[in-house]
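Asker: Kindly generate the corresponding structure for this input.
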Amino acid sequence: MDEKELNIISSVLAGKTERFSYFLDTYGQQVFNLIVRMTGSPEDAEELTQDTFMKAFEHLSAFNGNSSFSTWIYRIAYNTTLSALRKKRNEVLSFDDKLWKSVSDTQVDEALDTDSEEQIEKLQQALSTLPADEQALVTLFYEEEKTISEICYILHLSESNAKVKLHRIRKKLYLLMTKED
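Answerer: Now for the predicted structure:
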């Protein structure tokens, strides 16, 4: 845990609440990016980002320093957003097992690991159709470059479950990108 951040937390808990702005300044944009990826709505993301930081402030005394503050705030953001999205009951995509098994990892790697503008556009479109929890996993791993152990903490997953989900999401993205071809 970052010593500077522990000192800031201590001072906030001692009554210097204005020092909490450090966390908003440091992690606000990253939290917003995760939430906007999960919701697809900048307006909803603004509100949920505020909710996330309010919850973090209200429960700051519960922060035990076992993880980094960024991991802790991501977990709050993820849970806050997932709760909000459950209320909306988004439709979930499904593919049959034969289709899953027919896709090789090589095909997936070639489609996803590209610099082609057309493929990147298809990828962005496919990402936007994923359920919020899958978008969060992709965002944390590929965009925020969180480790598997950090992701497991944030998303309440076991390490093997996180790896399996990432593998399946990559296949799902490939299928979504190629379904109109």
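
Asker: what about the residue sitting nearest the centre point of the chain, distance to Leu85?
Answerer: Closest residue to the average C-alpha location of the chain: Ala136 at 2.7 Å, with Cα atoms, centre = their mean. Taking Cβ to Cβ, to the nearest Å as the measure, Ala136 falls 10 Å from Leu85. Using the backbone N, CA and C atoms, a C-beta is placed for each residue, glycine as well.

Asker: okay, and the common contacts of these two?
Answerer: Met38 (Cβ atoms under 8 Å, 6 or more residues apart in numbering).

Asker: burial of Gln50, as a residue count?
Answerer: Neighbour count for Gln50, taken as other Cβ atoms under 10 Å: 14.

Asker: any idea how far the host helix or strand of it is from the chain center?
Answerer: Using DSSP states H and E, Gln50 sits within helix 42-58. In terms of Cα atoms, centre = their mean, to the nearest Å, the centre of helix 42-58 is set 14 Å apart from its chain centre.

Asker: show me where this protein has helices.
Answerer: With DSSP state H as the criterion, the chain has helices at 3-13, 21-39, 42-58, 69-88, 97-101, 105-112, 117-129, 132-138, 148-155, 159-178.

Asker: tilt between the third one and helix 21-39?
Answerer: Compare the direction of helix 42-58 with that of helix 21-39 by axes from the mean of the first three to the mean of the last three Cα atoms, to 10 degrees and you get 140 degrees.

Asker: Over to the first one?
Answerer: In this structure, helix 3-13 runs at an angle of 100 degrees to helix 21-39, with the same axes, to 10 degrees as the basis.

Asker: Helix 3-13 - contacts with which helices or strands?
Answerer: helix 21-39 (3 or more Cβ pairs under 8 Å, 6 or more residues apart in numbering; DSSP states H and E).

Asker: And the helix it packs on, what's buried?
Answerer: Neighbour counts over helix 21-39 (16 or more other Cβ atoms under 10 Å) mark 22-24, 27-28, 30-39 as buried.

Asker: By mean pLDDT, point me to the weakest helix or strand of the chain.
Answerer: Least confident helix or strand of the chain, by mean pLDDT, DSSP states H and E, is helix 97-101 with a mean of 63.

Asker: domains for the chain, by residue range?
Answerer: Following automatic domain parsing, one gets these domains for the chain: 3-88, 97-178.

Asker: Give the buried residues for the helix holding Gln50.
Answerer: Neighbour-count burial for helix 42-58 [16+ other Cβ under 10 Å]: 44-45, 48-49, 51-53, 56.
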